[in-house]
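**Student:** after the sequence you'll find the predicted model.
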Amino acid sequence: MAKKAKRSKAKKAKAKAKSKAKAKTKKAAKKAKKAKKKARRTVLYSSKGKKLYAVRDKTGKFKDIQSYQRAHSMDMKRKSKAEVEAVPATPATAEPAVSSEPPKAM
């Protein structure tokens, strides 16, 4: 009878350790997911009725407030990683191809 009690205690201890390990991995995964989370923009309106974007930091305080118009124009100017990788960069100082032949008269 004593052997069975020892075995069941050992099984319980093993199961408890296993569940703790699972809980730790879940917490780590959740933490990593939070770290990857992008900054979201909260839409607000000014007293004049202009649309504003408010970006919050990790603590929830406002980090930046900008007008929708300016934020949108900057988003359009900025290129995504996929766009940058798809189009090879051309040097800005490259001269256009000039032929050595004179233009033909019509």
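**Tutor:** That came through fine.

**Student:** what are the ranges of the strands in the protein?
**Tutor:** 41-45, 51-56, 62-67 (DSSP state E).

**Student:** who wins for proximity to Ala17 among the ones you listed?
**Tutor:** Of all these, it is strand 51-56 that lies closest to Ala17, at 39.3 Å by Cβ to Cβ. In this view, the C-beta of every residue, glycine as well, is placed from N, C-alpha and C.

**Student:** mean confidence score for that closest one?
**Tutor:** Averaging pLDDT along strand 51-56 gives 90.

**Student:** which other helices and strands contact it?
**Tutor:** strand 41-45, strand 62-67, helix 68-77 (3 or more Cβ pairs under 8 Å, 6 or more residues apart in numbering; DSSP states H and E).

**Student:** now, of the strands of the chain, which is deepest in the fold?
**Tutor:** By mean neighbour count, with neighbours taken as mean count of other Cβ atoms under 10 Å, strand 51-56 ranks first of those at a mean of 15.

**Student:** in its sheet, what does it sit against?
**Tutor:** Sheet pairing of strand 51-56 (DSSP bridges) gives strand 41-45 (antiparallel), strand 62-67 (antiparallel).

**Student:** got CSV for those strands, with mean pLDDT too?
**Tutor:** Formatted as CSV, the strands paired with strand 51-56 follow (pLDDT from 0 to 100):
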stretch, mean pLDDT
strand 41-45, 89
strand 62-67, 90
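
**Student:** of all those strands, which one is nearest Ser80?
**Tutor:** Comparing the strands paired with strand 51-56 by Cβ to Cβ, strand 41-45 comes nearest, at 17.0 Å.
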